[in-house]
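Asks: The following comprises the amino acid sequence and a computationally predicted model.
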Amino acid sequence: MFDKKIIIVTPWFERFAGGAELLARGMARELNKRGITTIVFTTCSLSPYDSWWEDHYRPGVYDVAGIETRRFATVKDRARYDGVIRKLGRGANLKTRDEHDFFDYGINSSDLVDALGEYVDGNYEIIALPYFHGLTNSVVNKYPGKISLVPCFHDEPQFYWATTETLLRNAKHIFFNSADEKQMTIGQYGKTIGRRIVESVVAGVGVELPVGGNDQDAVAMPLPENYFVYAGRKEVGKNVPLLCQWFQAYVARFHRDTKLVFIGGGDKSLVPATDQFLDFGFVSEATKQQVIRGSKGVINLSENESFSLVIMEGWLFGVPAVVSAGCAVTKNHVRKCNGGLFVAGSEEFALALKYLEEHKTVRDLLARNGQQYLAREFSFDAVLTKYLREFRRYEAVAQVANLRSVEGRKLTTCATIRPALQIPE
């Protein structure tokens, strides 16, 4: 039995449905179900698409879907962060001070950072994610060697900053979401940081069908007869403009009446205002399942992924995936389980969609392959066991080190009385 409590630190929790929050939500829910008390520390900010420097919620303790959630006021100074963003927009070279300003004055909460000081005494395991935001950097760097990191790394400029090396050095444990994410980190930081990265755990992300879901909670959506789905944030960095461009070319080339349905938040202006596209925005969990189940497949052309929950959800709900050949993480997921198709250009994309539309038997087979892959590799039991095993291993090593230290001190004063305790290596 695991006798500690767990705190998960993440910038947003409740309304936002990005990959890191879904990871945090799933971990907290499933750990609590298994009798391991898990609470969430987060800010009072509403979501990444609202002001990071305004408190939508009051500070205090909340119940979010049965998870104890403690909210803290945000840092209100944003001028330095905006200055860094302007430099990034111009392609200017950043100084070390700029990198620190990006994290110190982005989404952050000094109240939360200070409050964690009461919980780093060894009775709690504290996990922070993702690396990209200031809150994670602040808590890990404030308490070196005390807080574990789930970085959710992508191949992006911030990954190569000196601040990221500092973060990795200060983390207690590092838990990667995929082997590809770990290999990328070893390639960049293996020589400077060494064994603690190489020996870090690839835990993955727990992905299972929700228990006790109610189809009656689903809102009837005006769904077309034939459609594919993009689920998640609408962002340039997720290749949404390219997806729309390729989809329009597919429809025009093969004279299809197929639609592309978007669910999730983000920049609505990225979706063209034509009848080929439908954007439903945020939807409930039950509605999301309904939309995905009725589709021909889930498409994710992002090349910056550390795991990609959205293609996993597609497999759970019985449809295949279409991903970018330029993303090692999603491509390797698809290849390992034969759960979909990966494409390297507009022509391959069009042929892939045409094939999936015309071959239901193949669609079903690909989805079943994906479901079996998830059951084998990413059940919550499998994923959470990796976290708990690493926590226990660390404690065992620390106890041995402590015994060695104690016996060493005894030898200093009592060396003539008895020999040092021999502890097996």
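Replies: Looks like it arrived, so ask away. Residues are numbered from 1 along each chain as shown.
Asks: hey, where'd the strands end up in the stretch 101-250 of the chain?
Replies: Along the stretch 101-250 of the chain, counting by DSSP state E, counting those that start in this stretch, strands occupy 124-128, 147-149, 175-176, 201-202, 227-231.
Asks: would you turn the ones you listed into JSON lines with mean pLDDT and mean neighbour count?
Replies: (Glycine included, C-beta is placed from N, CA and C.) JSON lines is the format used below for the strands of the stretch 101-250 of the chain (pLDDT from 0 to 100; neighbours: other C-beta atoms under 10 Å):
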{"stretch": "strand 124-128", "mean pLDDT": "97", "mean neighbour count": "24"}
{"stretch": "strand 147-149", "mean pLDDT": "98", "mean neighbour count": "24"}
{"stretch": "strand 175-176", "mean pLDDT": "97", "mean neighbour count": "24"}
{"stretch": "strand 201-202", "mean pLDDT": "95", "mean neighbour count": "16"}
{"stretch": "strand 227-231", "mean pLDDT": "97", "mean neighbour count": "24"}
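Asks: now these as JSON lines including distance to F159?
Replies: Converted to JSON lines, these look like this (distance: least, C-beta to C-beta, whole Å):
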{"stretch": "strand 124-128", "distance to F159": "17"}
{"stretch": "strand 147-149", "distance to F159": "13"}
{"stretch": "strand 175-176", "distance to F159": "13"}
{"stretch": "strand 201-202", "distance to F159": "17"}
{"stretch": "strand 227-231", "distance to F159": "24"}
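Asks: what is the orientation angle of whatever helix or strand A252 lives in with strand 227-231?
Replies: Using DSSP states H and E, A252 sits within helix 240-254. Angular relation of helix 240-254 and strand 227-231 on a 0 to 180 degree scale: 170 degrees, by axes from the mean of the first three to the mean of the last three C-alpha atoms, to 10 degrees.
Asks: ok, back up a step: can you tell me which of the strands of the stretch 101-250 of the chain comes nearest to E99?
Replies: Taking C-beta to C-beta, strand 147-149 is the member of those nearest to E99, at 17.4 Å.
Asks: what about the closest one, distance to the chain center?
Replies: 14 Å (C-alpha atoms, centre = their mean, to the nearest Å).
Asks: Tell me which residues are up against it.
Replies: 9, 116, 120, 125-129, 131, 136, 139-140, 167-168, 171-175 (C-beta atoms under 8 Å, 6 or more residues apart in numbering).
Asks: which ones among those residues are found in helices?
Replies: Using DSSP state H, the members of those that fall in helices are 136, 139-140, 167-168.
Asks: Give me the residues contacting stretch 244-257.
Replies: Outside stretch 244-257, the residues touching it (C-beta under 8 Å, 6+ apart) are 224-226, 228, 258, 260, 270-272, 274, 276-277, 301, 346, 349-350, 353-354, 357.
Asks: I'd like the mean pLDDT over it, please.
Replies: On average, the pLDDT along stretch 244-257 is 96.
Asks: could you pull out the helices for the stretch 251-400 of the chain?
Replies: 285-293, 309-316, 328-337, 346-358, 360-377, 380-414 (DSSP state H, counting those that start in this stretch).
Asks: Does T74 touch W53 like I think?
Replies: Yes. Between T74 and W53 there is a contact under C-beta atoms under 8 Å: 5.8 Å.
Asks: Just give me the residues shared between the contact sets of these two.
Replies: The contact lists of T74 and W53 share S45, where a contact means C-beta under 8 Å, 6+ apart.
Asks: which of the ones in helices among the contacts of strand 147-149 lies closest to E208?
Replies: T136 (25.6 Å).
Asks: which one is the closest one nearest to, not counting chain neighbours?
Replies: Nearest residue to T136, sequence neighbours excluded (C-beta to C-beta, 6 or more residues apart in numbering): A128, at 4.5 Å.
Asks: For the one you found, name its beta-bridge partners.
Replies: V9, L149 (DSSP bridges).
Asks: measure it to Y143 for me?
Replies: From A128 over to Y143 the distance is 10 Å, taken as C-beta to C-beta, to the nearest Å.
Asks: before we move on, the earlier item: distance to N332, neighbour count and pLDDT added to the ones in helices among the contacts of strand 147-149, as a markdown table?
Replies: Shown next, in a markdown table, are these (distance: C-beta to C-beta, whole Å; neighbours: other C-beta atoms under 10 Å; pLDDT from 0 to 100):
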| residue | distance to N332 | neighbour count | pLDDT |
| --- | --- | --- | --- |
| T136 | 26 | 28 | 98 |
| V139 | 31 | 25 | 98 |
| V140 | 28 | 27 | 98 |
| L167 | 25 | 20 | 98 |
| L168 | 23 | 22 | 98 |
